[in-house]
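Undergrad: sequence? don't have it. structure:
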């Protein structure tokens, strides 16, 4: 498995920042009432990850070890400010919906952790790809959790897509069922905790299933080799 494949596997599944490392849970649980909110925050986080990883990788040889963490935080804060201003200019309603959680990306441990653990030790091409994969893994969890909560709470999917993609995206809204009133458990923080717990349980179950399948396949190979040896 080459470096790019390893980074993809780590970011999407094995070391997913949301459901494995459990980092950035505050914005993840707070804003995922809809798919669009989750996608908006996920894209913002991904852009900051890519920018900060690339910058940290470029300056890693000139930053003294004693002050590397403050420098990394300043780099992250600069990219968060850029993303915040862009969202304020082009997706203002979504920017208002996400509120304080856009500037709080600065304190997201997933971003600081990748800058310290990976970008500061690797070339820019790998650091950039690591940012893409970690951001994609984080965004996938945000979108899935947002979809679960929106579907159960409002009976819709992709409601408010025009806030992120423009007026044409209003046609993307899918109404699965008509709800007389929102299902509050799904759209309030307790629903986010329950949904997150279900996602973590599902991932663990899939991991256990794959591990048992691999073990049984290895045992079968051993038995086949033993038969071949005995016959010969």
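TA: Structure's in. What do you need? Keep in mind the model is a prediction, meaning the values are calculated, not measured.

Undergrad: low-scoring stretches of the chain, by residue?
TA: 1, 218-219, 222-223, 226-232 (pLDDT under 70).

Undergrad: got a list of what the residue nearest the centre of the chain touches?
TA: Geometric centre of the chain, nearest residue: residue 138, 0.2 Å, by Cα atoms, centre = their mean. Taking Cβ atoms under 8 Å, 6 or more residues apart in numbering as the criterion, residue 138 is in contact with 16, 17, 18, 24, 28, 42, 45, 46, 110. (Each C-beta comes from the backbone N, C-alpha and C, glycine too.)

Undergrad: swap in residue 42?
TA: 135, 138, 139, 140, 142, 143.

Undergrad: Which of the residues you listed sits closest to residue 197?
TA: For the contacts of residue 42, the residue nearest residue 197 by Cβ to Cβ is residue 142; the value is 15.8 Å.

Undergrad: Skip the chain neighbours and tell me the closest residue to that closest one.
TA: residue 38 (3.5 Å; Cβ to Cβ, 6 or more residues apart in numbering).

Undergrad: residue contacts, that neighbour?
TA: 31, 32, 139, 142, 143, 145, 146, 147.

Undergrad: ranges for the helices of this protein?
TA: Remark: helices assigned in the chain by DSSP state H are 3-9, 25-31, 35-59, 68-90, 92-98, 109-117, 124-154, 162-165, 184-187, 189-231.

Undergrad: among those, which is the most enclosed?
TA: helix 35-59 (a mean of 24; mean count of other Cβ atoms under 10 Å).

Undergrad: To residue 178, which of the helices of the chain lies closest?
TA: Closest among these, using Cβ to Cβ: helix 124-154, at 9.9 Å.

Undergrad: thought residue 168 was touching residue 162?
TA: Yes: with contact defined as Cβ atoms under 8 Å, residue 168 counts as touching residue 162 (7.5 Å).

Undergrad: circling back: want to throw the helices of the chain into TSV with distance to residue 177?
TA: TSV is the format used below for the helices of the chain (distance: least, Cβ to Cβ, whole Å):
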stretch	distance to residue 177
helix 3-9	36
helix 25-31	24
helix 35-59	16
helix 68-90	32
helix 92-98	23
helix 109-117	35
helix 124-154	9
helix 162-165	22
helix 184-187	13
helix 189-231	17
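
Undergrad: Thanks a lot, catch you later.
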